[in-house]
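Peer 1: turn this into a model:
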Amino acid sequence: MSRGPHMVSDVMTHTVVAVGRGASFKDVVELMQQWRVSALPVLEGEGRVVGVVSEADLLPKEEFRDSDPDRFTQARRLPDLAKAGALTAGELMSTPAVTVQADATLAEAARTMAQRHVKRLPVTNAEGLLEGVISRADLLKVFLRSDEEIAEEIRQEIVSPLFTAASQPIEVRVSEGRVTLSGRLRDTSWVPVAARLVRAVEGVVDVDFDPPNGNMARRPD
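Peer 2: Numbers count the residues shown, from 1 in each chain. Have a look, this model is predicted:
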């Protein structure tokens, strides 16, 4: 049986490197290199996330290292110029931090990443305390599900409830995440609904019907 949509807590990394507000610029760079990450959460108190320092926050120091920007550039790039002169994580960080809670679905996390143009999200609890981090690579872990696991979820959660009146059992085949449903139906009106539900199953790459005209075969009356 399906356990429902995967949550952020299912795939997030629990061991997270983070820094405090007072961490130096060089310390931040060294930690990113050591842990091979592109961003670090900034914490205060008992572990509350107050910001994030990313590679993008660090680059202005190099960009403006030997330049003397004109007034137009200064006005347009004021936040970047401020980061160019920053010495600590507290001065460098983007705040408020873009975070996600551990009980969010992977789809919600993916939308947040896409909308906010970030590669990693700190995972927090209801109090804003750091619990982990989720990356784009973590979101793709659902595509590592086996074909049989995907097929069984589709049989149990979609085919069985939708097609109880099917004139013959609906066959579910999955190959490398591509789903094919085949069988004979008197009423094909449920086929588009099934297609939408199957596409929502985590790990599904595509869905098709046999014959490949978008509808399963209808038994003659």
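Peer 1: what about the strands in the protein?
Peer 2: In the chain, the strands defined using DSSP state E lie at 19-20, 39-44, 48-54, 100-101, 120-124, 130-135, 171-175, 178-182, 184-185, 206-210, 217-218.
Peer 1: for burial, what's the neighbour tally of Thr95?
Peer 2: 12 (other C-beta atoms under 10 Å). All C-beta atoms are positioned from the backbone trio N, CA, C, and that covers glycine.
Peer 1: ok, now which ones touch it?
Peer 2: Listed by C-beta atoms under 8 Å, 6 or more residues apart in numbering, the contact partners of Thr95 are 42, 50-52.
Peer 1: and the nearest residue in space to Arg136 that is not next to it in sequence, backbone torsions?
Peer 2: Distances taken as C-beta to C-beta, 6 or more residues apart in numbering put Lys119 closest to Arg136, at 5.6 Å, once the chain neighbours are dropped. Here is the backbone geometry of Lys119 (degrees, to the nearest 10): phi -100, psi -20.
Peer 1: picking that back up, hey, least reliable of the strands of the chain by pLDDT?
Peer 2: Ranked by mean pLDDT, those end with strand 217-218 at the bottom, a mean of 47.
Peer 1: remind me which residues of the chain are low pLDDT?
Peer 2: Where the chain drops to pLDDT under 70, the residues are 1-4, 73-76, 78, 165-167, 211-221.
Peer 1: helices of that one, start to end?
Peer 2: For the chain, applying DSSP state H gives helices covering 8-11, 25-35, 55-63, 71-76, 78-84, 89-92, 106-116, 136-139, 147-154, 160-162, 191-199.
Peer 1: re earlier: for the strands of the chain, give me JSON lines that also has distance to Arg145.
Peer 2: Formatted as JSON lines, the strands of the chain follow (distance: least, C-beta to C-beta, whole Å):
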{"stretch": "strand 19-20", "distance to Arg145": "35"}
{"stretch": "strand 39-44", "distance to Arg145": "28"}
{"stretch": "strand 48-54", "distance to Arg145": "30"}
{"stretch": "strand 100-101", "distance to Arg145": "21"}
{"stretch": "strand 120-124", "distance to Arg145": "21"}
{"stretch": "strand 130-135", "distance to Arg145": "17"}
{"stretch": "strand 171-175", "distance to Arg145": "10"}
{"stretch": "strand 178-182", "distance to Arg145": "12"}
{"stretch": "strand 184-185", "distance to Arg145": "27"}
{"stretch": "strand 206-210", "distance to Arg145": "15"}
{"stretch": "strand 217-218", "distance to Arg145": "29"}
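Peer 1: and Val11, which of the ones you listed is closest to it?
Peer 2: Among the strands of the chain, strand 130-135 comes nearest to Val11, with 6.6 Å by C-beta to C-beta.
Peer 1: just give me the neighbour total for the closest residue to Glu202 other than its chain neighbours.
Peer 2: Distances taken as C-beta to C-beta, 6+ apart put Val142 closest to Glu202, at 4.0 Å, once the chain neighbours are dropped. Neighbourhood size, Val142 [other C-beta under 10 Å]: 18.
Peer 1: wait, doesn't Val142 sit right on Ala200?
Peer 2: No - using C-beta atoms under 8 Å, Val142 is not in contact with Ala200, being 11.5 Å away.
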